[in-house]
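**Student:** Okay, here's the prediction I keep looking at, along with the sequence it came from:
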Amino acid sequence: MSNPNQRERAFEIVKLLTQNSYSTKELEQIIFGTNGKKRRTIELDLKFLIEYFGKESFIKEKRDNNYYYKIIDLPEVFSKVFSSSAKDLRRLYELVALFDKEIIKLFAKKEPQLIKQIQKENSQIFTFMGYPYEDTKPLGDMWERVKFVIKHRRYVDIIYSGKRGVKEYKSSKPLRILYANNNWYLMLYVPALDDIKRLRVSRITKLNVLQKSFSKTQEIKDMIKFIENMQSLNQKYKKEMFEVKVLFSKEVALNIKSKKYIKSQQIIKEYEDGSLLVRYLVNSELEILNTIRKFIPYMYIESPTWLKDKFKNMMKEYLKKL
């Protein structure tokens, strides 16, 4: 490279550091072919990458009076981006510009025209009703602590202030951070309950990191697989699925055809009047009721009978209060 810009340098540095450890001196020689003149530029590039991906993604060690760097935990999505085309990179910039106003400022320092153009185009195309995701900045140190205990598989004691009051979960296993419905959740396995709890990170009032850690056993792998394949926030761990059939009238048929509201949604019959018979597999009442109640009065539960009766009673109680 004769005179690479920051984007090109970042790509090259990431490629090199994911394969081996290099000092700033070696990186300068590889990227610029110089010895000392561009050292400060390489140091600033490294600082930017460490700030962007996080210190935990890098190993820094001193050998022979030089600091050597290696990337050990670059997220897979970024690994793919850093080996992709300029078109893919632009897509990354577009997403960052939409969802992280602070990080995009770092890119703008070295790519001012490109970022300015992307921001202008975004403003002409996208409109968000409210903020598109729950900002992690107000979470402060709690956000970093949650990431730490998941990464290092540390047992935790947690005090949680939820809708049903204050709960305490002892010697529990943090499994994943789940993003759903514009919020961040900690998925926590509680051995005392043999259940996976979904805790809003912003409502965790205390997190005590215990000294002991847990192994990634097959049971833990199965739990993580369950989380990754959840079809709704109300799906229960270790509960059997049951079938629900719902009839939707023609007024909302297009909505049902256009979107799967949960993964198991399956249209099994379309009637001449335009109505649809739809099958769901769920394992909790809330999972199905929260999905279909938005379509009242254009829906009717056909089976099972016990759920149909329960829904009718819920509606009767609601109407009494009007």
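**Tutor:** Received the coordinates, thanks. Quantities reported herein were computed from a predicted structural model and do not represent experimental measurements.

**Student:** Now do the helices in the stretch 101-250 of the chain.
**Tutor:** Secondary structure of the stretch 101-250 of the chain (DSSP state H, counting those that start in this stretch): helices at 101-110, 112-125, 141-151, 218-228, 250-258.

**Student:** for the record, mean pLDDT for the shortest one?
**Tutor:** Same thing as helix 250-258. Averaging pLDDT along helix 250-258 gives 92.

**Student:** ok, of the helices of the stretch 101-250 of the chain, where does mean pLDDT dip lowest?
**Tutor:** Lowest mean pLDDT within the helices of the stretch 101-250 of the chain: helix 101-110, at a mean of 57.

**Student:** which of the residues in stretch 18-34 are buried?
**Tutor:** Neighbour-count burial for stretch 18-34 flags 21, 22, 23, 24, 26, 27, 28, 29, 31, 32 (criterion: 16 or more other C-beta atoms under 10 Å). The C-beta positions use only the backbone N, C-alpha and C, and glycine is treated the same way.

**Student:** Any idea which helix or strand in the chain has the lowest mean pLDDT?
**Tutor:** helix 76-81 (a mean of 52; mean pLDDT, DSSP states H and E).

**Student:** Low-confidence regions, this structure specifically.
**Tutor:** 1-2, 73-135 (pLDDT under 70).

**Student:** can I get the buried residues of stretch 18-34 in CSV with secondary structure and distance to residue 294?
**Tutor:** Converted to CSV, the buried residues of stretch 18-34 look like this (DSSP: H, G, I helix; E, B strand; the rest coil; distance: C-beta to C-beta, whole Å):
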residue, secondary structure, distance to residue 294
21, coil, 54
22, strand, 54
23, strand, 58
24, helix, 56
26, helix, 58
27, helix, 54
28, helix, 58
29, helix, 61
31, helix, 54
32, coil, 58
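
**Student:** Please go through this protein and pick out the longest strand.
**Tutor:** For the chain, the longest strand by residue count, based on DSSP state E, is strand 165-180.

**Student:** partners of that strand, with directions?
**Tutor:** Paired strands of strand 165-180, with direction, are strand 154-162 (antiparallel), strand 183-190 (antiparallel) (DSSP bridges).

**Student:** now what about it, what contacts it?
**Tutor:** Residues outside strand 165-180 that contact it (C-beta atoms under 8 Å, 6 or more residues apart in numbering) are 133, 146-147, 149-150, 153-160, 184-192, 196-198, 201, 205, 210, 214, 220, 223-224, 227-228, 230, 233.

**Student:** What residues sit buried inside that strand?
**Tutor:** Buried residues in strand 165-180, counting neighbours by 16+ other C-beta under 10 Å, are found at 169, 172, 173, 174, 175, 177, 178.

**Student:** domains of the chain?
**Tutor:** Annotated domains of the chain cover 6-71, 84-125, 137-228, 242-320 [automatic domain parsing].

**Student:** Pull the distance from the third one to the chain's centre.
**Tutor:** With C-alpha atoms, centre = their mean, to the nearest Å as the basis, the distance from the averaged C-alpha position of domain 137-228 to the chain average is 14 Å.

**Student:** start to end distance for that domain?
**Tutor:** 25 Å (C-alpha to C-alpha, to the nearest Å).

**Student:** what does stretch 270-286 give?
**Tutor:** Taking C-alpha to C-alpha, the first and last residues of stretch 270-286 lie 26 Å apart.

**Student:** Pull out the buried residues from it.
**Tutor:** Buried residues in stretch 270-286, counted by 16+ other C-beta under 10 Å: 275, 276, 277, 278, 279, 280, 281, 282, 283, 285.

**Student:** Spatially nearest residue to the last one (excluding sequence neighbours)?
**Tutor:** In this structure, residue 285 finds its nearest non-sequential neighbour in residue 307, 6.7 Å apart by C-beta to C-beta, 6 or more residues apart in numbering.

**Student:** For the one you found, give me its contacts.
**Tutor:** Neighbouring residues of residue 307 by C-beta under 8 Å, 6+ apart: 244, 285, 288, 301.

**Student:** Of all the residues in the host helix or strand of the third one, which ones are buried?
**Tutor:** Same thing as residue 288. Element membership for residue 288 (DSSP states H and E) is helix 285-292. Neighbour-count burial for helix 285-292 flags 285, 287, 288, 289, 291, 292 (criterion: 16+ other C-beta under 10 Å).

**Student:** my guess is the third one meets residue 245, correct?
**Tutor:** So the one you mean is residue 288. No: Residue 288 lies out of contact with residue 245 (C-beta atoms under 8 Å); the separation is 10.4 Å.

**Student:** Spell out which residues are contacts of both of those two.
**Tutor:** Taking C-beta under 8 Å, 6+ apart as the contact rule, residue 288 and residue 245 both touch residue 280.
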